[in-house]
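Novice: make a model of this:
(one chain, ligands or ions: 2)
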Amino acid sequence: MLELKAETLTAEAFAPFGDVIDARTADWFPINAGRTRRHHDLAKVETLGEGARTLISVFVSQPVEIPLELDFLERHPLGSQAFMPLHEERFVVVVAPPGDEIDPAEVRAFVTDGRQGVNYRAGTWHAIQSVLEREGEFLVVDRGGEGNNCDEYPLSIQVVL
Ligand SMILES: NC(=O)N[C@@H](O)C(=O)O
Ligand code: NI
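Specialist: Numbering: from 1, shown residues only. Ligands and ions are numbered 1, 2, ... in the order given. Prediction:
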């Protein structure tokens, strides 16, 4: 079993896997007569393949136990997938770089701080959503359309904080 200690999530550390969505660190410009700061274009939405379209959904998830025990990672080869907490929920992120094989040495675990969201780029291996402490509600932006967009890779992982 691969044992990982979750690291604090930063955009730099997460760069091989996708984007961190965080208004606190993002540039912005004023709109709406100056009443609104637009933190613009924070993550790259990818929708590939036949009939591809962008989906906006809301996930309501029950919290995971820590240590977090995983027996697979998944990937979406045809599109990105973004998770943004709606009530400052913290969650665990486990990722590996895109590719048909996963090198256990390249698997990373992160924990968010409640204000951060993530956008997995197409093909990034990841654990299914793993919210901490309480029921979580997330805005999710990902790809709909034809074809298989979810592959699983068996891998035993234990994550501690
Ligand atoms: N299945 C689904 O829509 N969600 C997963 O892809 C996930 O990453 O939680
Ligand atoms: Ni997913």
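
Novice: from here on, just use CA atoms for contacts and neighbour counts.
Specialist: Fine.

Novice: go ahead and flag the most central residue of this protein.
Specialist: In the chain, the centroid-proximal residue (C-alpha atoms, centre = their mean) is residue 118; its distance is 4.1 Å.

Novice: bridged to that one, which residues?
Specialist: residue 20, residue 83 (DSSP bridges).

Novice: how close does it sit to residue 80?
Specialist: According to C-alpha to C-alpha, to the nearest Å, residue 118 and residue 80 sit 10 Å apart.

Novice: same check on residue 128?
Specialist: Residue 128 is 14 Å from residue 80, where distance means C-alpha to C-alpha.

Novice: what about those two, which has more around it?
Specialist: Legend: neighbour count by other C-alpha atoms under 10 Å for residue 128 and residue 80, higher for residue 80 (24 against 14).

Novice: any weak-confidence spans in this structure?
Specialist: Within the chain, no stretch falls below the threshold (pLDDT under 70).

Novice: hmm, what's the outermost residue in it?
Specialist: The C-alpha centroid of the chain is most remote from residue 33, which lies 33.3 Å away (C-alpha atoms, centre = their mean).

Novice: name the SS class of that residue, please.
Specialist: Three-state call for residue 33 (DSSP: H, G, I helix; E, B strand; the rest coil): helix.

Novice: contact partners for it?
Specialist: Listed by C-alpha atoms under 8 Å, 6 or more residues apart in numbering, the contact set of residue 33 is empty.

Novice: how much space is there between it and residue 61?
Specialist: Taking C-alpha to C-alpha as the measure, residue 33 falls 38 Å from residue 61.

Novice: ok, the closest residue to residue 23 other than its chain neighbours to residue 22 distance?
Specialist: Leaving out its chain neighbours, the residue that sits closest to residue 23 by C-alpha to C-alpha, 6 or more residues apart in numbering is residue 39, at 6.2 Å. For residue 39, the distance to residue 22 (C-alpha to C-alpha) stands at 9 Å.
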